[in-house]
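# Quick one, what's the 3D model for this:
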Amino acid sequence: MKRVFLKTVAVALAALAVGNAFAADITGAGATFPFPMYAKWAEAYKKETGVGLNYQSIGSSGGIRQIRAKTVAFGATDAPLSGAELEKDGMVQFPAIIGGTVPVVNLDGFKPGELRVTGTVLAEMYLGKITKWNDAKLAALNPGKTLPDQNITIVHRADGSGTTFNWTDYLSAVSKEWADTVGKGAAVKWPAQSSVGGKGNEGVAANVTRVKGALGYVEYAYVKKNNMTFLQLQNADGKYVAPDDATFAAAAASADWFSVPGMGISMVNAKGANSWPVSTASFILMYADPADKAQSAEVLKFFDWAFKNGKTMAADLDYVPLPDALTAQIRSKVWSQIKK
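I've put the predicted structure just below:
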């Protein structure tokens, strides 16, 4: 796997805040999932154009609130709005990047990807039905491994989160009990008795790193940034796979983006021998008739540049850039709806 060194959130934001007196910085807010990618794109875009990006990595629910309050030029969410919501709000929606959500653990003596888990067993862990790492079901999936007699502490998002929406969408797809008792959403009532919340992908990663025996979920860039230990997951074809750009791309390969209004498809538990089961897109929200048309135009210029020039940067962070054919459709079918 590629080794990537991401700048800290504080450093990235500080770099992006250096302004050009003659260029109005773009404002956006929302998902923490794509933040490492947006920060890298923005740094390069600033150098080339002089226009910066002031992006608040506050979670998908916060991004939806901010764009609805019209305090930013775009919102970012990993939990796509429905066609009815978009129509009511007068907004358009399009994907910007594809990545994956990954189960991460704090267990001494194990390398990343050394341990395996199925979706149903993972759901039982999150339901609080499997409470020890040496549980017989986990041992059966990992023959020859000496699992510790250690309590499992579930780490989850404390804020409204598109990462949580996609994670619970996956758990609902693989576990009827989870679907019936908890369901999917940007915020849910976590049933495991031993659990702790963290704000943003950053907060979940920090808590998993801090708590021995922890099990959490974060976007893959945060796994790499923090050198975290991840679990291999069994996919819909019964194959165990590790997270990386190739397995995320495999899950996205058959996506029918325009099958639902707003392109808000789910890629969880996608078919394919190489597909990562919790692959997701991150979406951008903009007004079709923006109050500040100049800012809106700058947003489109930024993403147009990123789609054309940001593929290598995306791959370096193990995100999957959108194919050219899809970005051409976004320009013609979605951006054309935004008044200039």
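# Now do the residue lying closest to T327 once chain neighbours are set aside, the pLDDT please.
Closest residue in space to T327, ignoring its immediate chain neighbours: F307 at 4.2 Å, by CB to CB, 6 or more residues apart in numbering. For every residue, glycine as well, the C-beta is placed using N, CA and C. Confidence at F307, expressed as pLDDT, is 98.
# How about the contacts made by F307?
By CB atoms under 8 Å, 6 or more residues apart in numbering, the contact set of F307 is P321, L322, D324, T327, I330.
# can you do 10 Å?
Counting by CB atoms under 10 Å, 6 or more residues apart in numbering, F307 touches 41, 96-97, 314, 321-324, 326-328, 330-331.
# ok, the residues you listed vs F33, which is closest?
I97 (8.7 Å; CB to CB).
# Confirm the closest one sits in a helix?
No. Under DSSP: H, G, I helix; E, B strand; the rest coil, I97 falls outside any helix and is assigned strand.
# Quick check: it touching Y220?
No. Assessed by CB atoms under 10 Å, I97 is found out of contact with Y220, at 11.6 Å.
# Need the overlap of contacts for these two.
What both I97 and Y220 touch, as defined by CB under 10 Å, 6+ apart, is the set F33, F248, L317, Y319.
# For the last one, grab phi and psi.
Main-chain torsions, Y319, degrees, to the nearest 10: phi -90, psi 170.
# Check which helix or strand the nearest residue to N235 once chain neighbours are set aside maps to.
Closest residue to N235 in three dimensions, ignoring its sequence neighbours and counting by CB to CB, 6+ apart: P277, at 4.7 Å. Per DSSP states H and E: P277 is located in neither a helix nor a strand.
# Just give me the neighbour total for P277.
26 (other CB atoms under 10 Å).
# What of L326?
18.
# again, but for the one 3 residues further on
Here the number of neighbours of Q329 (other CB under 10 Å) works out to 16.
# my hunch is that it is in a helix, does that hold up?
Yes. Assessed with three-state DSSP, Q329 lies in a helix.
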